[in-house]
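> Would you be able to build a 3D model of this:
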Amino acid sequence: MTTLSKRLLLVAFICLAILFYTIGSKTGALAFIIMGCVLEIAFWIGIFGRSSKDDPAA
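Next up is the predicted model:
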């Protein structure tokens, strides 16, 4: 995965997380809030993922 595509994917994760949090807070739908949490976790794992020492492909 190229650096640009990884960054675009991370931006999409955080934008979708904010969108789902907003929808969940407006409607009270717990499923949207949970999906926002999942996307936010994916974002943070992408930012602070494995170090290059642990990744033999890097």
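> rest of the way, CA atoms for contacts and neighbours
OK.
> Quick check: the residue nearest to the spatial centre of the chain vs Ile14, distance?
Centroid-nearest residue in the chain: Phe43, 2.8 Å away (criterion: C-alpha atoms, centre = their mean). According to C-alpha to C-alpha, to the nearest Å, Phe43 and Ile14 sit 6 Å apart.
> Check which element follows the lengthiest helix in the chain along the chain.
Counting by DSSP state H, the longest helix found in the chain is helix 3-27. Beyond helix 3-27 on the C-terminal side, the first helix or strand identified by DSSP states H and E is helix 30-47.
> buried sites along that following helix?
Phe32, Ile33, Met35, Gly36, Cys37, Leu39, Glu40, Ala42, Phe43 (16 or more other C-alpha atoms under 10 Å).
> ok, Phe32 - contacts?
Neighbour list for Phe32: Phe20, Tyr21, Ile23, Gly24 [criterion: C-alpha atoms under 8 Å, 6 or more residues apart in numbering].
> about what we covered before: could you dump the buried residues of helix 30-47 to JSON lines with distance to Thr2 and pLDDT?
Below are the buried residues of helix 30-47 laid out as JSON lines (distance: C-alpha to C-alpha, whole Å; pLDDT from 0 to 100):
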{"residue": "Phe32", "distance to Thr2": "30", "pLDDT": "88"}
{"residue": "Ile33", "distance to Thr2": "30", "pLDDT": "89"}
{"residue": "Met35", "distance to Thr2": "26", "pLDDT": "91"}
{"residue": "Gly36", "distance to Thr2": "25", "pLDDT": "89"}
{"residue": "Cys37", "distance to Thr2": "25", "pLDDT": "91"}
{"residue": "Leu39", "distance to Thr2": "20", "pLDDT": "89"}
{"residue": "Glu40", "distance to Thr2": "21", "pLDDT": "89"}
{"residue": "Ala42", "distance to Thr2": "18", "pLDDT": "88"}
{"residue": "Phe43", "distance to Thr2": "16", "pLDDT": "87"}
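> circling back to that earlier point, the residue nearest to the centre of the chain contacts Phe13, doesn't it?
Yes: the pair Phe43 / Phe13 is scored as a contact, 5.7 Å apart, by C-alpha atoms under 8 Å.
> any idea of the pLDDT on Ala58?
What the model reports as pLDDT for Ala58 is 52.
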